[in-house]
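# one predicted model, sequence on top.
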Amino acid sequence: MKKIKVVLGKRSYNICIKAGMLSSAGNILKTLNIANTAYIITNKKIKSVYGKRLEASLSKQGILNKFHIVPDSEKAKSYACWCKAIHNLADFDKGKGVCVIALGGGVVGDLAGFVASTYRRGVPFIQIPTTLLAQVDSAIGGKVAIDIECAKNLVGAFYQPKVVISDPLVLRSLPPRQIRNGLAEVIKYGIILDKKFFSYLENNISKILKLNPACLEHLIACCSKLKAEVVSADEEEKTGYRSILNFGHTIGHAIEASVSYGKSVNHGEAVAVGMLCAFDIALMLNMAKERDLIRLEALIKKTGLPTRVKGINIAKVIKATSYDKKIIRGKKRWVLPVAIGHVAVCSKVDDSIIREAIKKRFCG
Ligand SMILES: NC(=O)c1ccc[n+]([C@@H]2O[C@H](COP(=O)([O-])OP(=O)(O)OC[C@H]3O[C@@H](n4cnc5c(N)ncnc54)[C@H](O)[C@@H]3O)[C@@H](O)[C@H]2O)c1
Ligand SMILES: [Zn+2]
């Protein structure tokens, strides 16, 4: 088993990565002495494939458990779903001392974490991420939230899990487009922090796309370690360092917003184009080298992610970049590449440069 520690003083925790790890969940909880009762938040689809395995593992260790089913979409991150989950949890718990387990992707993880952080002013929380995006990104770092009408993730908290259990085998039932969605974040880690890891991706992308278990274990461990280091250095985004994780996301989020978070472009696809736009901007500012952009573009293509997006209103995208949540005191913060493995944060980039970069990446 690969174990990565997120170092946060008393709130430190491990990310445990191993093929088949889901069946050891009960054992891990028992060893950590977290709780005798578990409230598992998931959706119908995930429960139908992995529910029995988790239930058996918990029951074997004498951990009483109950599943709570939420809708399979971003709708699960709503006030109504949070409220229902809390009421059912209170009914089940009755003071027994319960922990909350998230079994699912980023949607389930964000909602379950917010439920855990608010119920009885916080009960132990366990992440069992089942999408690649959740295993390399959303399950690590303690950001939990629900959406309200005017914005995504506006109501939330920093609430760290007690442990993250990542089983690469659960990714086998994930549709290929969801795998690519997570791979956009994986490529992001290579660009912002780790040149060697970027080369590993270039050399192994076909094995990764075939879900080779050893490659996936290595990839999830590398990304977990990189994210853990960023979170340990700037848990609550106070120094600004954590904002490097936003690489490719300023324009990426703007693309998603301009299509009203519709199905035509998913998050990873928008981030892939957003990373290329950030590179185009850096080239125009003479900050980066063209040969690095060529490598990024080639890797994105091999991954099956887009390098351009279709049918999007450029003016709408530019306007949406002004609403990016990483704006600090009215100033946009652009995370721009300097080289593969190294980025810089800039607040002054002319709108004309941004427009030119966005235009280059749009077709149709
Ligand atoms: N907290 C954070 O730091 C953070 C970071 C990034 C993203 N997020 C949030 O994560 C969410 C997106 O997460 P996501 O990309 O994992 O999407 P998701 O949770 O919607 O999962 C994608 C789809 O895959 C299905 N699925 C999940 N696991 C499966 C499996 N093993 N086999 C088959 N199908 C499976 C889900 O039911 C869903 O239909 C967004 O709400 C976003 O805001 C949070
Ligand atoms: Zn992202």
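Perfect, thanks for sending it. Ligands and ions are numbered 1, 2, ... in the order given.

# what sits against residue 180?
268-269, 303-305 (C-beta atoms under 8 Å, 6 or more residues apart in numbering). For glycine as for every other residue, the C-beta is placed from the backbone atoms N, C-alpha and C.

# off-centre distance for the helix or strand harbouring residue 111?
Assessed by DSSP states H and E, residue 111 sits inside helix 106-118. Helix 106-118 sits 13 Å away from the centroid of its parent chain (C-alpha atoms, centre = their mean, to the nearest Å).

# which outside residues touch the helix or strand residue 16 falls within?
Element membership of residue 16, judged by DSSP H and E, is strand 13-17. Strand 13-17 is contacted by residues 1-6, 28, 135, 139-140, 160-168, 217, 220-221, 224, 228 when judged by C-beta under 8 Å, 6+ apart.

# just the ones of the residues you listed in helices?
The members of those that map onto helices under DSSP state H are 28, 217, 220-221, 224, 228.

# need those residues in JSON lines (columns: distance to ligand 1 and pLDDT).
Output for those, formatted as JSON lines (distance: C-beta to the nearest ligand atom, whole Å; pLDDT from 0 to 100):
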{"residue": "28", "distance to ligand 1": "19", "pLDDT": "97"}
{"residue": "217", "distance to ligand 1": "16", "pLDDT": "97"}
{"residue": "220", "distance to ligand 1": "13", "pLDDT": "98"}
{"residue": "221", "distance to ligand 1": "18", "pLDDT": "98"}
{"residue": "224", "distance to ligand 1": "13", "pLDDT": "98"}
{"residue": "228", "distance to ligand 1": "13", "pLDDT": "98"}
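
# and the residue of the stretch 201-350 of the chain found nearest ligand 1, how many neighbours?
Distances between the stretch 201-350 of the chain and ligand 1 by C-beta to the nearest ligand atom are smallest at residue 267, namely 6.2 Å. Residue 267 has 20 neighbours, counted by other C-beta atoms under 10 Å.

# pull the helix or strand hosting residue 270 out as PDB, backbone CA atoms only.
Assignment of secondary structure by DSSP H and E places residue 270 within helix 267-284. Only the C-alpha atoms of helix 267-284 are listed here, as PDB (Å, rounded to 0.1, in the frame of the first residue of the first chain):
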ATOM      1  CA  HIS A 267     -14.600  20.400 -16.300                       C
ATOM      2  CA  GLY A 268     -11.500  18.600 -17.500                       C
ATOM      3  CA  GLU A 269     -12.100  19.600 -21.100                       C
ATOM      4  CA  ALA A 270     -12.500  23.200 -20.100                       C
ATOM      5  CA  VAL A 271      -9.300  23.000 -18.000                       C
ATOM      6  CA  ALA A 272      -7.300  21.400 -20.800                       C
ATOM      7  CA  VAL A 273      -8.200  24.400 -23.000                       C
ATOM      8  CA  GLY A 274      -7.700  26.800 -20.100                       C
ATOM      9  CA  MET A 275      -4.100  25.400 -19.500                       C
ATOM     10  CA  LEU A 276      -3.300  25.900 -23.200                       C
ATOM     11  CA  CYS A 277      -4.700  29.500 -23.000                       C
ATOM     12  CA  ALA A 278      -2.500  30.200 -20.000                       C
ATOM     13  CA  PHE A 279       0.500  29.000 -22.000                       C
ATOM     14  CA  ASP A 280      -0.500  31.200 -24.900                       C
ATOM     15  CA  ILE A 281      -0.700  34.200 -22.600                       C
ATOM     16  CA  ALA A 282       2.700  33.300 -21.000                       C
ATOM     17  CA  LEU A 283       4.300  33.000 -24.500                       C
ATOM     18  CA  MET A 284       2.900  36.500 -25.500                       C
END
